[in-house]
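A.B. asks: sequence below, structure please.
(2 chains, ligands or ions: 1)
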Amino acid sequence: MNNIPGRFRTILDSAACFPFDDFFAAITPQKVRHIIHKDNLTKSDFLALLSPVAEPFLEEMAQKAHQVTVQQFGKVVFLYTPLYLGNFCNNQCVYCGFNTVNPVPRNKLSVEEIEKEAIAIAESGHRHILILTGEDRVQTSVEYIRQSIEILKKYFSSISIEIYPLSREEYSQLIESGVDNLTIYQETYNRKLYAALHPHGPKKDFYYRLDTPQRALDAAMRTVNIGALLGLDDFRKECFFGGLHARFLQDTYPASEIGYSLPRMQSHAGSFPVPHPVADAHLVQMITALRLFMPRLGISISTREPARLRDKLIPLGVTRMSSGSKTSVGGYAAEHHAGSKQFEISDSRSVKEIEETLFSMGYQPVYKDWERI
Amino acid sequence: MNTHDYLEIGGRKLISRLFTGSGKYSIDSIIPQIVEASGCEVVTVALRRVDFDRAGSNILSHIPGSVQLLPNTSGARNADEAVRIARIARAAGCGNWIKIEVISDNKYLLPDGYETAKTTEILADEGFVVLPYISPDLMVAKSLVDAGASAVMPLGAPIGTNKGLKTKELIKILINEISLPVIVDAGIGAPSHACEAMEMGAAACLLNTAIASSDDPVAMARAFKLAIQAGRAAFCAGTGAQREYAAASSPLTGFLFPNE
Ligand code: SF4
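C.D. replies: Alright, predicted model coming up:
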């Protein structure tokens, strides 16, 4: 790239004092209808679809979102599976079960254990794996992650990382080793709230985290998946800023694929009352608004959602989901670890069961969508 | 069907002028039925989707052996990646045909003409039968002729939009000016669009979304077969559109040249 791309923080900071209430008050049902049937949505169209006025139009939004998704992606759902490498963490995210002050047993997989897990997971048909760690640069160092990748790439054609933020050079190293996808959630786009929720540890730095997708994309990461943790703040604002972030990344790095996740908060190992619980209808509103705003956006839905709901969400615009998820460290082969979980999974169906459900819904489960070249 | 009217690419004579995609069906086992209903002889498949570790049950196992496999380089962002994907496809036994897709724009999925031309040159040199996917740009198409392409595949509209022949005038120019077969790829949403492309003189059409996203893909495949046959027959018969600039049956200016 010849010129240094701008940073999303400029856009976010200038949007921070946007008068949401005034904007929503000016939206009319006619306006929403018109937007649903438009081809190219502006940022304010997107926000209008997230407004309370759009709520009675969820069915229309869903119909259009379904049509756009099938045309863009076909009748397929991409499947991946997460693997927790370690739960050591120096951060104190107040909503997380692995937070450093929570007295949970800590462990990490050894190289041999990783290989065992890999074999067990690959046997179920998965070719796309997502590895996760907490933030501990000593226990789960970049070198440890690199070694894990060296093993995993024997079994998987696509490797995603959901680990602590790295420097651009570190991303380059991991891409060189075989990583093609980064998942990193901003958690919340509300800077004040972010400060309150992340009191200690390296994650405190809001802007460093905000710039993370760009550091990976500057290193030519193939796919980047972002999102906000739903339940922390008003979902309309979070989804709007998240959508703006996704759009900015897609416009700035057109060669990469941008994805969006909608993790909704449930219970965890400590006790954190969810400040802004998100209703199912609002989850639907976000998925469909995102799809209409960005027809090519990858959208994932996690196993935190119950099976029944997940199945209903797929036709609305979801393109990716995890299956066979275990959220404890080494949950596939290494049963003896019996580690604590980061969050409770609601959809505990096996890979086979999810596959059968998808087929019965008229969707093909796709396990492999990349060939390491 | 007129068996004397065939399309020759890479030394293979194709009676059917319908190519199909394979990546958007709700179940891969429908592919043989699609092939049969459409009569297609060429099926494109994204190498990135082929799980070679599951030889008996991957997508290739559903593609009838009689069909010409056309692996594509979906996912390639530049010439280097496209070349590597093509080589992997050939080494894995997918044959030497390759559809080049180099896309550095994930927003509209528009092909990168410059990188596509570079890829074509390298792969044609290595003995591949190269079918590049392009925007209908005459200069890009000309450079592909020089680079050794076996056909050019211009888009009718952006991938997955089903909008029809939005680039009709530009595709016409390619048909008039380019010596290679012009295969319309992407954007065709209805059999009438495919028929129109064939009437204009396109050599073939590649269909994916329009068939896969229909409620009855097999019936839709059959409809496309008929539309393409009709359009081709009309082209061969010489439609009005085809004769747009040719002599009218009763010339208006014949009196000026009494001796001709
Ligand atoms: S959310 Fe991640 S960084 Fe924060 S405490 Fe939990 S594991 Fe650590």
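A.B. asks: alpha carbons only for contacts and neighbour counts from here, please
C.D. replies: OK.
A.B. asks: mind listing what residue B:140 touches?
C.D. replies: B:113-114, B:117, B:134 (Cα atoms under 8 Å, 6 or more residues apart in numbering or on different chains).
A.B. asks: of these, closest to residue A:301?
C.D. replies: Nearest to residue A:301 among these, counting by Cα to Cα, is residue B:134 at 34.0 Å.
A.B. asks: quick revisit: for the contacts of residue B:140, pick the one with the most neighbours.
C.D. replies: Neighbour counts for the contacts of residue B:140, by other Cα atoms under 10 Å in any protein chain shown, peak at residue B:134, which reaches 28 neighbours.
A.B. asks: that one: what's it in contact with?
C.D. replies: Contacts were defined as Cα under 8 Å, 6+ apart; by that measure residue B:134 touches B:101, B:110-113, B:116, B:140-141, B:152-155.
A.B. asks: helix, strand, or coil at residue B:57?
C.D. replies: coil (DSSP: H, G, I helix; E, B strand; the rest coil).
A.B. asks: model confidence for it, exactly?
C.D. replies: The confidence metric pLDDT takes the value 78 at residue B:57.
A.B. asks: for the ligand, see how far away it is.
C.D. replies: According to Cα to the nearest ligand atom, to the nearest Å, residue B:57 and the ligand sit 38 Å apart.
A.B. asks: residue B:235 now?
C.D. replies: 63 Å.
A.B. asks: same question, residue A:205
C.D. replies: Going from residue A:205 to the ligand by Cα to the nearest ligand atom gives 12 Å.
A.B. asks: contacts only, for residue B:141.
C.D. replies: Residue B:141 neighbours (Cα under 8 Å, 6+ apart): B:134, B:152, B:174, B:178.
A.B. asks: most neighbours of all these, which one?
C.D. replies: For the contacts of residue B:141, the largest neighbour count, defined by other Cα under 10 Å, is 31 neighbours, found at residue B:152.
A.B. asks: contacting residues for that one?
C.D. replies: B:131-134, B:141, B:144, B:180-183.
A.B. asks: give the bridge partners for it, please.
C.D. replies: Applying DSSP bridges to residue B:152 gives these bridge partners: residue B:182.
A.B. asks: count the neighbours of the residue in the stretch 101-250 of chain A positioned nearest to chain B for me.
C.D. replies: Across the stretch 101-250 of chain A, the shortest distance to chain B (Cα to the nearest Cα) belongs to residue A:250, at 6.9 Å. Per other Cα under 10 Å, the neighbour tally for residue A:250 reads 22.
A.B. asks: kindly report the same for residue A:352.
C.D. replies: Residues lying near residue A:352 (other Cα under 10 Å) number 13.
A.B. asks: could you do residue A:39 as well?
C.D. replies: 10.
A.B. asks: wait, is it part of a helix?
C.D. replies: No. Counting by three-state DSSP, residue A:39 is not found in a helix; it is coil.
A.B. asks: look up how far residue B:163 lies from it.
C.D. replies: 12 Å (Cα to Cα, to the nearest Å).
A.B. asks: now do residue A:68
C.D. replies: On the measure of Cα to Cα, residue A:68 and residue B:163 end up 12 Å apart.
A.B. asks: of the two, which one has the most company?
C.D. replies: Comparing residue A:68 with residue B:163 by other Cα under 10 Å, the one with more neighbours is residue A:68, at 21 against 17.
A.B. asks: so what's the more buried one up against?
C.D. replies: Counting by Cα under 8 Å, 6+ apart, residue A:68 touches A:291-292, A:295, A:317.
A.B. asks: contacts for stretch A:227-242 next, please.
C.D. replies: Applying Cα under 8 Å, 6+ apart, the external contacts of stretch A:227-242 come out as A:12, A:46-47, A:50-51, A:184-190, A:226, A:260-265, A:274-278, A:282, A:286.
A.B. asks: what's the PyMOL syntax to select whichever of those are buried?
C.D. replies: In PyMOL syntax, the buried subset of these is picked out as below (16 or more other Cα atoms under 10 Å in any protein chain shown):
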select buried, chain A and resi 12+46+47+50+51+184+185+186+187+188+189+190+226+260+261+262+263+264+265+274+277+278+282+286
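A.B. asks: out of the contacts of stretch A:227-242, which sit inside helices?
C.D. replies: A:12, A:46-47, A:282, A:286 (DSSP state H).
A.B. asks: what would those look like in JSON lines with pLDDT and distance to chain B?
C.D. replies: Compiled in JSON lines, those are given as follows (pLDDT from 0 to 100; distance: Cα to the nearest Cα, whole Å):
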{"residue": "A:12", "pLDDT": "92", "distance to chain B": "21"}
{"residue": "A:46", "pLDDT": "98", "distance to chain B": "16"}
{"residue": "A:47", "pLDDT": "97", "distance to chain B": "20"}
{"residue": "A:282", "pLDDT": "95", "distance to chain B": "26"}
{"residue": "A:286", "pLDDT": "97", "distance to chain B": "20"}
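A.B. asks: need the max-distance pair from these.
C.D. replies: Taking Cα to Cα, no two of these sit farther apart than A:12 and A:282, at 22.6 Å.
A.B. asks: returning to what we had before: lowest-confidence entry in the contacts of residue B:134?
C.D. replies: Minimum pLDDT across those is recorded for residue B:110, with 91.
A.B. asks: phi first, then psi, for the nearest residue to it once chain neighbours are set aside.
C.D. replies: Counting by Cα to Cα, 6 or more residues apart in numbering or on different chains, the nearest residue to residue B:110 once its immediate chain neighbours are dropped is residue B:103, at 6.1 Å. Torsion angles at residue B:103 (phi, psi; degrees, to the nearest 10) stand at phi -130, psi 120.
A.B. asks: quickly list what residue B:103 is bridged to.
C.D. replies: Beta-bridge partners of residue B:103, counted by DSSP bridges, are residue B:111.
A.B. asks: state the distance from it to the ligand.
C.D. replies: The value you get for residue B:103 to the ligand, if Cα to the nearest ligand atom is used, is 34 Å.
A.B. asks: give the contact list for that residue.
C.D. replies: By Cα under 8 Å, 6+ apart, the residues touching residue B:103 are A:255, B:74-78, B:109-112.
A.B. asks: so which of these sits lowest on pLDDT?
C.D. replies: residue B:109 (88).
A.B. asks: per-residue pLDDT, the closest residue to it other than its chain neighbours?
C.D. replies: What sits nearest to residue B:109 in space, not counting adjacent residues and going by Cα to Cα, 6+ apart, is residue B:103, at 6.1 Å. Residue B:103 carries a pLDDT value of 93.
A.B. asks: how far away is residue B:103 from residue A:348?
C.D. replies: With distances taken as Cα to Cα, residue B:103 is found 37 Å from residue A:348.
A.B. asks: same check on residue B:23?
C.D. replies: For residue B:23, the distance to residue A:348 - Cα to Cα - is 28 Å.
A.B. asks: try residue A:164
C.D. replies: Distance, residue A:164 to residue A:348, by Cα to Cα: 26 Å.
A.B. asks: show me where the stretch 151-300 of chain A has its helices.
C.D. replies: Taking DSSP state H, counting those that start in this stretch as the test, the helices found in the stretch 151-300 of chain A are A:168-177, A:191-197, A:206-210, A:212-218, A:235-252, A:280-293.
A.B. asks: residues in contact with the shortest one?
C.D. replies: Identification of contacts with helix A:206-210 by Cα under 8 Å, 6+ apart yields A:8-9, A:165, A:186, A:191, A:194-195, A:203.
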